[in-house]
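[1] Here is my input, please return the structure:
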Amino acid sequence: MLLIDKEKVELLLQPIDKCYWENSAIVLNKIGYPHNKLAISGLLEWLQDMNWPGAMTARKTLMNIDKKILIPYIEDSLSKAKNENDTIWITEIKELVEDMNISEIDFLNENIYEIISLSEW
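    Residues are numbered from 1 along each chain as shown. Presented below is the predicted three-dimensional model:
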């Protein structure tokens, strides 16, 4: 297993030049959870644009994390996406939630779940 100092993990989140993004996402995927725990928020932010290099790999990485661990991060990202009126990001998070079979009862904050349940999102 590939290991990296946990203090350095966040440096792999969309490095300065996009030409490194895909490889960074691959490394975050390979080191897996819990080694990539500090990157979870950034991996969810990567879903803001699925055309970005590494976005699909970031999504795959998130899919490999237990939903109980991921839910607080998802709730935080949904709150940010709503505040930014980022409907594309909300849609991508909603698809992740559906693909991971996360239901309303899994959410800690039912008001946050409403963000993805609204039809206009």
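
[2] got the buried residues for stretch 94-112?
    By neighbour count on 16 or more other Cβ atoms under 10 Å, the buried set for stretch 94-112 is Lys94, Leu96, Val97, Met100, Ile102, Phe107, Ile112. Glycine gets a C-beta too; all of them are placed from N, C-alpha and C.

[3] no no, stretch 47-57
    Counting neighbours by 16+ other Cβ under 10 Å, one finds that the buried residues in stretch 47-57 are Leu47, Gln48, Trp52, Pro53, Gly54, Ala55, Thr57.

[4] quick one: which of those residues is nearest Lys30?
    When the buried residues of stretch 47-57 are compared for distance to Lys30 (Cβ to Cβ), Thr57 wins out at 9.8 Å.

[5] show me what contacts the closest one?
    Under the criterion of Cβ atoms under 8 Å, 6 or more residues apart in numbering, the neighbours of Thr57 are Glu22, Ala25, Ile26, Leu28, Asn29.

[6] where's the third one relative to Leu12, distance?
    When Cβ to Cβ, to the nearest Å is the yardstick, Ile26 and Leu12 sit 9 Å from each other.
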